[in-house]
Structures are given as C-alpha cells and as structure tokens.
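Q: Provided below are the primary sequence and the corresponding predicted coordinates.
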Amino acid sequence: MTGCDVEKPLTISRRPIPTVDHALTSSRKMEMTDLDKSSFSPRADDWFEDVTVASGIKWTYRNGREADRFYMIESFGGGAAVIDFDRDGKCDLLVTGGGTISSDASIAIGGRPSVLFRNQGGWQFDNVTTGSGLSSAPGYSQGCAVGDFDADGFPDLFVCGYKGSQLYRNCGDGTYLDIDPWGPSLSNDWTTAAVFADFDHDALPDLVIARYAKWSPETDVNCSKGGVRDLCGPTSYAGTTCLAFRNSGDGLFEDDSAQAGIQGGVHGLAVVAADLNLDGWVDFYVASDVTPNQLYLGGPCLPLKERGVSAGVAFNEWGQAEGSMGVDVADFDGDGRPDIWVTNFEREDNALYRNLGNSMFLHATAAVGLSGVSRMFVGFGTAMSDFDGDGWPDLFVLNGNPIYSAAESPFKQKPQLFRNLGGRFTDVSDQGGTFFREVHSGRGSAVADFDDDGALDIVAIPMNDPVRILRNRRSPENFIRVQLVARNGEPDATGAQVSAEFQGRTLTRFAVRGTGFFSQSDSRMIFPVAPELETAEIRVQWPARDREIFRGLAVRTTHVLIEGHGETSRD
Amino acid sequence: MTEVNASSIRINLRARSVFFCVAVGMIVVAAICWYLLRSTPEQLLERGLAESDHDPVAAAHLFHRAVNAAAGRDYPDAQIALCRLLLRRNSRQEASSLFTAINCQECRTDLLLGFGRDALRMEQRPEGLAALESVARRDVRERLVALELLMSDYQEWGQRQKQLQIAESLTEMQPQNPQRWSDLIELLTSMARESECVATIQRALQQDFPVEFLSHLQNSLVQQLVNQGDARGARRELENLRKLESDSLRVRGSEVYVCRLEGDLEKSLQIVTTIVDDAPDLPFPRFTRGVVLLDLRRFNDAKDDLERVIAAQPFNAPAQFKLSEAYRGLGKEDLAAKHQRLASEIAGKQIRITSLLKQRDEDPYDPMIYRELEQLHRELGDSGAARHWHRWGVRVSPQNSLIPSAQIPKG
C-alpha cells in the first residue's frame, strides 16, 4: 500500500518484510568531478571534505535571533534526520527549519518548515519538500526523530519544537501526512528531542520526548551580563519532565509518563534508547542541562527504573551535574559493552562513561586522554563512530556557544575530532578538513554513509548558517554494512547487539536511537572487514530474544538481517 | 540777652553738625574696615577645620557660617566638612540628609576623602562609597588611597565585580607593585575568569619582579592552564617553573595534574606517590592519588586512599564522590550509594553557599543571607565560618540600622 488514506482509521499490522534479503544497495565510488570545481582545497591527509556546495543541499536553520528578544528557545538550534524515506536504499536527509520571532509588540513566534532532501546518489541531493506534506510548519521546530510507528515499513517522522511537536506518517509514496495523535496538550508544549523505542514491550515503537522547561514569551526572563542583554542560562527556568507516549497501535499515542516512571527536574536536551546494561531490555538515557542526567533502566514490565546517580552516569568526575547536550553510545574500549559519551558546556569536560557491567559506569574522560580538551568549548552535536575504518569508535564534536556574547568561549567555535587508538583518544581535529579549521555556531549533527563507501559522513546543522555536508575520505578497504529488521519485537530492533570479528578482535555495535544532538543518524551498522575476505560473518543478539549468526555475507554490501533468518546460536 | 541767646544757639547748631559729620564718618570708616577685614567663607572653613578636633561645636558653627557666608551659592567644601563633623558626632541621619544635597564633584579632594574614610568606618557605607568613588575618578594623588579604601570595603562585603574593577585600576596605577597583581589574579581565579586570569598572569610575568614572586606567578599560570585543559601550554609553563625552582613540592604537585591532562596516568601516579611519601598526613596529595588510581581502575587502592581523606575531611564532597566511585568499581553498591548520598548532600550545601554569596554581591544588606550562610557552614562542620557569618548577620540586622536609607547624590 502506498499513500495515506486520511479517511480510513489506522490499523497497524506487522511490518512487511523486505523482499531483498541481501545486497539492498551496492557500494558506489564517489564521482569527484563536481567536487573538483568547488573552491575549497582540502589537505591530502584530511579526514573529511566539505561537499555541501556540490551536493545541492542548501538550507539554513533559523532561530529568530534578529528580533533581539533573546528567548530561551533560540539557544539550541535544530537537527537532522537521516531517513531512507523512499526506501531506495540510500540515506535521505531531513533538516528542521526553526522559526521566526516577531520584533514588534505582537510577540508572534512562527515556524519554518523542515526540508527534505532526496539522495540521488553521487553526492547529489534534490530538495523534495514541496508536495511531500512537510512544507507547512506547525511551529518553531528543533529536534527530530525517525521511527516506523505504524509498522508499515516506511520510516515516519517526529519533529520537536515550541508549539510545533508534530508526528508525520510516511504514506509510502514520497509524501507525509501530519497527524495529531495526542491532542492539544503536546501541541502547545515545548519539546526539544525525541526517540522512538518500545518501552512497554508490545513490539510497537513508542515515543520518549525530552523537554527543557515550561517556557513561553509570557514567562520569559530578562537576562543580562554587564548591562548587555543575552540568552538566559538553564537556571533561569525550573526543570521539567520528559514524556513517555505509548503507541496504542490504533494511530494514537497515550501519555504513559507516570506509569513509565518518568521523573522530573530535568532540562532535557537529548534522549537516547539502547540496551545499556545488556539485560535485553531497552533503556533510556536523558542528557540534561545542569541537572543530573537520567538513566531509565528497562525491565520486563513498567515502570522504568531511574538509576542515573547510582549507575554513575548522572554527574561529572567530581560529582557535579553538568550542562549536557549531545549523546552517543558505542563500545569505545572493545570490551563488548556500550559506553556513553556526553557533550557538555564550557569549563566542563565532555563525559565518557565507561561501562563496568552490572549497570555500573565510571567517568573515564581523564583515563582515555580527553581531560581538558573540551573545556574551552560548548559541545552540542556529536558522534562516537568509527570514522577511519579501524574498528575503534572515534569522536566527533560540533561546538558552539548558546550565549551570543557574554560567555567565556566565543559564540562560534571549531569542531573537534578525536581518533581512538585502542581505548585512548588523540586530537586529530587539525586533520579533520577545512570544516574543522573554521568556527561554527554548531548545534545538531548526524552521521550517515551517504555515498555507501563504508565510511561515515557527517551532516552538521549550524545555527543561522548553512547546513554542511562532510564526505569522509577514509573509507575502509573492505567492509560490510547491516540493517536489522526484528520480527518478534519492535521492527528497528532498538537494543540489539551486533558483532563481527576484525583483526583478531570482536567488534560490537549497538542498535541505538536518538544519538547526536536533536538528530537521528544512519541506523545501519558498518563493520570493517579484512581486505582479503570476500564474505563475513555477523552475530546478532536480538533484544531479550535469540542470538543468531548470519554467515557468508558478501562484503561491500548492505545486508538486511531479518530476525529468524539467521542460524540460532547458543554461544 | 537776646543777642547772647542767638549767638549761643548758633554755636550749638554748629557743634551738633560737626558731631553728626564725625559720627557718620566714623560709621563709614568702620563699615569700610569691616568690609575690608571680614572673614571669607574659605577662612571660616579653615578655621572650622582647625577647630574640629578639639572644639566640634565651634567648628560646626564656623562651617555653618561659611555656608551662610557663601550667600547665594553652594559651598560644598563647607558642607562636606560639616557632614564629616556630624558623622563624628554620631548625627548619622542629619549627616546623611545633608550629604544628599552635596555635589561631590565640586568638593575638595582631601575633604571628600576624609569624609569617605570616616563614613566607611562609621558604617555609613553608601555615603562613604559615593565620596570615595568620586575621588577615585579624579586624576589626583589621593586617588590611590581612595581605591585602596574601596578595594578593602568591597572585599569585606563580598562585592567581587566591583572589587575587580578597583583591582584592575590599582594594578594599572602601580604595575611595579607585586601585591596589586597578586590581588587581581586571586580575584580572577576566585571568579573563574580563566582566560582573563591567564592573560593577567602573563602580563605580570613581563614585570621586573623578584624571582620568588615570578615563581609564584609561574605556578599560578600552570594551574590556570590545567583548569583550562590546555595540556601543551601547561607542560610548557611547568618546564619554565621547573627552571625557577627545580623539583619542588609544588612543581611535582602541578605535574601530577599536567600528566593527567596529558593522559599519562602512570607517570601521574608515580609523581603523586612521591608527594604522599613525603607528606603522608596531607589529605590533598592522597586525594589526588585516589583520583589517579580510580582513573587506572585500581579500585581497592583508590578506596584506601580516599577513606583516609574522608577520615580527615568528612565534608570533602569530591572525596566522598570519588569514594563512591571506588565502591561502585568494587561492586559494593550499598557503600557506593551511601557515599554518593553524602557527596550530594555536601555538594548541595556548597552550591547553596555559592548562590548565597552571589546574592550577597547584589544585596549585601539582607540579613537572611547571613543567617542561612551561618546555618550551612555549621552543617558543614565549619564553626569558624559559621561564627563569621553570624557576626555579619548581627552587623546588618535592622536593629543596627545599617540598611541604607539615604539617596546617594551623583557625581
């Protein structure tokens, strides 16, 4: 079925299994012809090349700063969703638009529509927003999330914002239909980030939404330093709660926050879903601005248990809450456990929480050589991903100060890139490329293999400056890419673990949702493979279910691994 | 008889005319003399100032006369002198209301400075600050004294923002004075203005100071760069410090943190262990070693060090937190939770103290602030600080009438 029948009530059936089992797309070598015409001149050893101009991606997230109202919502910028909306196997891109703020007495806050770019291949993107159903803006938008809430096989969208939270159902024909499954309470609220994941174990993706504060123009606080008006810090507003909406399966989402055990007192800016303690149940991690970060551990039944403090992931290394923004989850030290990476405000270290097992983490920033490196920056968008194809997850941080003028570090800042040398990191920002040698008002970011060369590219969403696309130039010699499809649980298999052997090590990747900042990255997983191999073997631990082995998978190919199609393993 | 009488009458008339003329002449001469010899307002002021120490009543009379003598125009010098006298006689309200009418900009510098000093001493703070600030704006010799008095007052009242402005001015005026730089750097450090602090230390290092002070500055620079997370800069400056004082205790102490910043945890541990060996009873080196041991995931060793720190300093929040991490690493969840809870309680109180001190910066006359500070310090086992804030609470309580009511004149 394609197209959305607005008259017909929505009923969710099981997701159609893709007919293509292997080789959904083959990898493509990038055509450089167009890029050579561009004006930038990267160094030979640069990891990334800015291909924005040639790509056709032309978009700027706007926060309404020009009105000089200094509203709290201006602080955080927008995000990007990597989404294969047309299921052609290539990563498309949605970027939120932000909004406008009137400077006259009327105090009108308007929305700018999000924009959808279709990946045509060869680093060519077409703006297909017009006619997609996304060209109207319900409100001032910020973060976004991707999930197939109606299990029809086509990824749906959720856009957060001030009076702009909107769920878009993918009709399967290249169009989206905005639906309002929760009524005006959420539509009038301010939401920042969200993630689709199944917290009530009914195999349907529910929605967990981060909120920052109860803010409105009427409650706006006037903040200034040295007589200069600027944006307020988080302490100017009381924290609030995240929201947990249960997907009822009939097209409606019900606020289940209380039953889910959601607790208050956060300035939520990111929410990530993954099985962080490897017990088979999806957990949620909430990054909060100056209040303790929260860790909700899932179990066989609700409520989720908030264990941020006792698990050691709520504070910095001295026991203080930090201004946390972006989050990612990966196994940085090769011990098979998911570690948590959090970007923070200036004068603070970004936090790397090493997973010790048994739901215990240890602040490990100093231990891995990252102490101090972020103290003169404000980290927003981030990724802990293997950018150089050596199997070790590296770190990308997109920096920028939310305060326009009155802060220790400047409004625009350089991004950072750290190479993982086997559990320790070294700063390679200078080799990052031209983008890393410039300053930006960095906010949202996502990673994806846009050109399917096995190397993760970056999309950065600066505030009030054009979106930037960075092509990763360090594609691995050999690789394999997999996408999970669960049949006995939530289709995207959030919480699953996937592993492969490489150079005598077991590489483990995790099905994680909501990473980065205000964004959704490529959900496919890439593993480097020894150059001489033609095939590879992948092991999948489905959430709270079986472990399966998929053997003989051809390299340099995307494989859709469907639950039940592998060989069951008892290892 | 008729002729005799007429003649006698003529004589009398002539005598009277002469007498009248002489009298008028004398009056005119007296008036001219009075006019020529009368006291000017300036003379009255000087006489009043001379009298003010041993005969305040006479001095006040003379100041009033000086003001009156300046009929038709203000005479702020006499007014401020009178104000000062009133203060000395404890007529605060009268002094305060008179002060509001004075244009400080027109006052003589020495009189304004004297009034300002006395006003601060007499707890008439708003008037004193206004007078001293007026002097501090002048390009005169007395500016230095005024700035020093202001610095001392703002420091006492915890108004760091204003204190910083004064410290900058004093340093600019006396760049050859190490104390000026020291005060400024200390202030910037306490305000966590790291970039400015580093720049200030670097400027101070350009001065021709004794080697001991340069060494002190160099050590501060290393610490600031460590705080900023600048490992390369901190290492460079540490090596410069080493040239000045070889492998002193503080060189080694700083190197522990530089090594940690560089990610060289083994070397960091090795150095901090030499410090612990040299000073086994000092809590801070032991705490630092516990931190490094935790980095290295040597949980049991870290626990041993941190427990000793806690025994000596039970209200050390970072040590309590680090101990909870050590217990978490050892899988002792109950003990981890206990020390985590203690750390949070202590840190919560410390955060509240910081917040109250910021409030005090804006409104130092609120007695509730001091009451809460006293209570929090008592709960944190710091009876000395609790007593200190208790005294402040008494000092600003409404009964002591220190809360300013006067309108402070501009200028």
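A: All right, it came through fine.

Q: make sure A:Tyr168 is indeed in a strand.
A: Yes - membership of A:Tyr168 in a strand is supported by DSSP: H, G, I helix; E, B strand; the rest coil.

Q: so the residue in chain A that chain B sits nearest to: helix, strand or coil?
A: Here chain A gets closest to chain B at one residue, A:Gly372, 2.4 Å apart by CB to the nearest CB. Heads up, the C-betas are built off the backbone N, CA and C, glycines and all. Under three-state DSSP, A:Gly372 falls in the coil class.

Q: dump the residue contacts of it.
A: Counting by CB atoms under 8 Å, 6 or more residues apart in numbering or on different chains, A:Gly372 touches A:Asp349, B:Val226, B:Gln228, B:Gly229, B:Asp230, B:Ala231, B:Leu261.

Q: give the contact list for the third one.
A: Taking CB under 8 Å, 6+ apart as the contact definition, B:Gln228 lies against A:Gly372, A:Arg375, A:Met376, B:Glu194, B:Ser195, B:Val198.

Q: helices - which of these land there?
A: Judged by DSSP state H, helices contain the following of those: B:Glu194, B:Ser195, B:Val198.

Q: could those be laid out in JSON lines, adding neighbour count?
A: Below are the ones in helices among the contacts of B:Gln228 laid out as JSON lines (neighbours: other CB atoms under 10 Å in any protein chain shown):
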{"residue": "B:Glu194", "neighbour count": "21"}
{"residue": "B:Ser195", "neighbour count": "13"}
{"residue": "B:Val198", "neighbour count": "21"}
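
Q: give me the subset of those residues that also touch chain A.
A: B:Glu194, B:Ser195 (CB under 8 Å from any CB of the partner chain).

Q: pLDDT for the ones in helices among the contacts of B:Gln228 - can I get that in CSV?
A: Shown next, in CSV, are the ones in helices among the contacts of B:Gln228 (pLDDT from 0 to 100):
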residue, pLDDT
B:Glu194, 87
B:Ser195, 87
B:Val198, 95
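
Q: nearest to B:Asp366, of the ones in helices among the contacts of B:Gln228?
A: Distance to B:Asp366, by CB to CB, is smallest for B:Glu194 among the ones in helices among the contacts of B:Gln228, at 29.9 Å.

Q: B:Asn227 is in contact with that closest one, correct?
A: Yes - using CB atoms under 8 Å, B:Glu194 is in contact with B:Asn227, at 5.6 Å.

Q: where do the strands sit along the stretch 451-571 of chain A?
A: A:457-461, A:468-472, A:479-485, A:497-502, A:505-510, A:525-528, A:535-541, A:547-554, A:558-562, A:567-569 (DSSP state E, counting those that start in this stretch).

Q: which of those strands sits most buried?
A: strand A:457-461 (a mean of 29; mean count of other CB atoms under 10 Å in any protein chain shown).

Q: partners of that strand in the sheet?
A: Paired with strand A:457-461 in the same sheet, following DSSP bridges, are strand A:444-448 (antiparallel), strand A:468-472 (antiparallel).

Q: which residues does that strand contact?
A: Applying CB under 8 Å, 6+ apart, the external contacts of strand A:457-461 come out as A:48, A:61, A:77-80, A:82, A:93, A:95-96, A:381, A:383, A:396, A:398, A:415, A:435, A:440, A:442-451, A:467-472, A:518-519.

Q: make a PyMOL selection of the buried ones in the residues you listed.
A: To isolate the buried ones among these in PyMOL, judged by 16 or more other CB atoms under 10 Å in any protein chain shown, type:
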select buried, chain A and resi 48+61+77+78+79+80+82+93+95+96+381+383+396+398+415+435+440+442+443+444+445+446+447+448+449+450+451+467+468+469+470+471+472+518+519
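
Q: kindly report the residues of the stretch 301-450 of chain A close to chain B.
A: A:309-310, A:312, A:315, A:317-320, A:347, A:349, A:356, A:358, A:360, A:362-364, A:366-376, A:408, A:424.

Q: derive a ChimeraX selection command for the buried subset of those.
A: In ChimeraX, this line selects whichever of these come out buried by 16+ other CB under 10 Å:
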select /A:309,310,312,315,317,319,320,347,349,356,360,362,363,364,366,367,368,369,370,371,372,373,374,375,376,408,424
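
Q: residue of the stretch 151-300 of chain B nearest chain A, please.
A: B:Gly229 (2.4 Å).

Q: I'd say that residue and A:Arg375 touch.
A: Yes - using CB under 8 Å, B:Gly229 is in contact with A:Arg375, at 3.7 Å.

Q: name the residues contacting each of these two.
A: A:Asp349.

Q: confidence score at residue 157?
A: Unless you meant another one, I'm taking chain A. A:Leu157 is assigned 96 on the pLDDT scale.

Q: not what I meant, chain B
A: At B:Trp157, the model reports a pLDDT of 90.
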